[in-house]
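# Next input, structure requested:
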Amino acid sequence: MFKVLSYLVKRDGMTVDEFVEYYEKRHVPLILSLAPDPIVYKRHYLQRGDAVNVGERTIDFDVVTELAFSDRAAFEVWSRAVGTGDNGDRVAADEARFLNRSHTRACVVHDHVTAG
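Predicted structure coming up:
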């Protein structure tokens, strides 16, 4: 499996509720309409103010988006579908409505599962 984690920051002036609402109700459906569905497409929203969040002041993202594909080739097909041409322009314009795109980072990861 090929997995990518993206660390995303909400646009200035948006509340957390507005951010989650836009991402879930507008952006996710857009992405799903443009490309084959990934095996996994999850958003992990940071719960600010939770005592478990040690070092929270240094956490500089609002959501971790998890994407998984059968292999790198499937990811590349998906990436081209959402990131190039007219679709790429639509995605970039939509992201500008709710993300601070200058802070977006992503990385390829692999899992080692101990339980569950």
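# all helices for the chain, in order.
Secondary structure of the chain (DSSP state H): helices at 16-22, 28-34, 72-83, 85-98.
# Which strands or helices does the longest one pack on?
Spelled out, that is helix 85-98. helix 16-22, helix 28-34, helix 72-83 (3 or more Cβ pairs under 8 Å, 6 or more residues apart in numbering; DSSP states H and E). In short, each C-beta sits where N, CA and C put it, glycine included.
# Serialize those to JSON lines and add fields for mean pLDDT.
Shown next, in JSON lines, are the helices and strands packed on helix 85-98 (pLDDT from 0 to 100):
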{"stretch": "helix 16-22", "mean pLDDT": "97"}
{"stretch": "helix 28-34", "mean pLDDT": "98"}
{"stretch": "helix 72-83", "mean pLDDT": "98"}
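# For Asp111, find the nearest of the ones you listed.
helix 72-83 (15.4 Å; Cβ to Cβ).
# circling back to that earlier point, of all the helices of the chain, which one is nearest Thr65?
The minimum distance between Thr65 and these falls on helix 28-34, with 9.6 Å, by Cβ to Cβ.
# before we move on, back to that, out of the helices and strands packed on helix 85-98, which is closest to Leu5?
Counting by Cβ to Cβ, Leu5 lies closest to helix 72-83 out of those; the figure is 12.6 Å.
# Could you pull out the buried residues of that closest one?
Buried residues in helix 72-83, defined by neighbour count with 16 or more other Cβ atoms under 10 Å: 74-75, 78-79, 81-82.
# quick one: Val40 from Lys10, how far?
22 Å (Cβ to Cβ, to the nearest Å).
# neighbour count winner among those two?
Neighbour comparison, Val40 and Lys10: the larger count goes to Lys10, with 22 against 12 (by other Cβ atoms under 10 Å).
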